[in-house]
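Chemist: Quick one, fold the following:
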Amino acid sequence: MKIKSSYVLILISAFYISCNRKKDIGATEIQHEKVTSPSQSYLDEFQNTEKIKQLIYKVKEGDTLAYRKLRHIFYYSGHSKEFLYYAMLTAEQDYPLAYFDVYTLLYSLKNPKSKTNKLANYYLFLAYEKHAEHSKTTIEERFGNSFRVPNAEDYWREVTK
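Modeler: Numbers count the residues shown, from 1 in each chain. Reported below is the predicted structural model:
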């Protein structure tokens, strides 16, 4: 009986020591691992002027993948309003996502009676005409399900009279 209890005691001790060593090793690994939040990594990319210059050049050339990458960097680094220029520039190249981005950025200024809001609506209607993702649901949320979406050019002529 004493031999059996000795074996059990040895096994339990070995198991306990093994578990404690794994905990110590795991804690050491975590301490050495650098943890970066997603917003910090986008901020680091935003501050990488060479990368931003390259993406801007590609965006000006009409590269929609570069536009999306630049968009993510600006949005997720907390610089979305600074992206308005590039969204408008790309909208001029007839890119549906850019129309919707211009709308989103202008609408975020939140002055329903202002000319800026009317310009935002114009870009939303353009985005809708170009079948930009989320434009239809955004119109339904803002204006209701029964709202008849006007032609963007007709809307703009009407509001600028």
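
Chemist: Determine the number of other residues adjacent to residue 152.
Modeler: 19 (other CB atoms under 10 Å). All C-beta spots, glycine's among them, are computed from the backbone N, C-alpha and C.

Chemist: With adjacent residues omitted, what lies nearest to residue 132?
Modeler: Spatially, and ignoring its direct neighbours in sequence, residue 132 is nearest to residue 96 (3.7 Å; CB to CB, 6 or more residues apart in numbering).

Chemist: Report the contact partners of that neighbour.
Modeler: Residue 96 makes contact with 127, 130, 131, 132, 133, 135 under the criterion CB atoms under 8 Å, 6 or more residues apart in numbering.

Chemist: Quick check, pLDDT for the first one.
Modeler: Which is residue 127. In the prediction, the pLDDT value recorded for residue 127 is 97.

Chemist: Look up how far residue 37 lies from it.
Modeler: Per CB to CB, to the nearest Å, residue 127 is found 31 Å from residue 37.

Chemist: Show me the contact partners of stretch 113-124.
Modeler: Here stretch 113-124 has contacts from 91, 99-100, 102-103, 106-107, 109, 111, 135, 138-139, 142, 152, 155-156, 159, using CB under 8 Å, 6+ apart.

Chemist: which residue packs closest to residue 75, ignoring adjacent ones?
Modeler: Distance criterion CB to CB, 6+ apart; nearest residue to residue 75, sequence neighbours excluded, is residue 83 at 6.8 Å.
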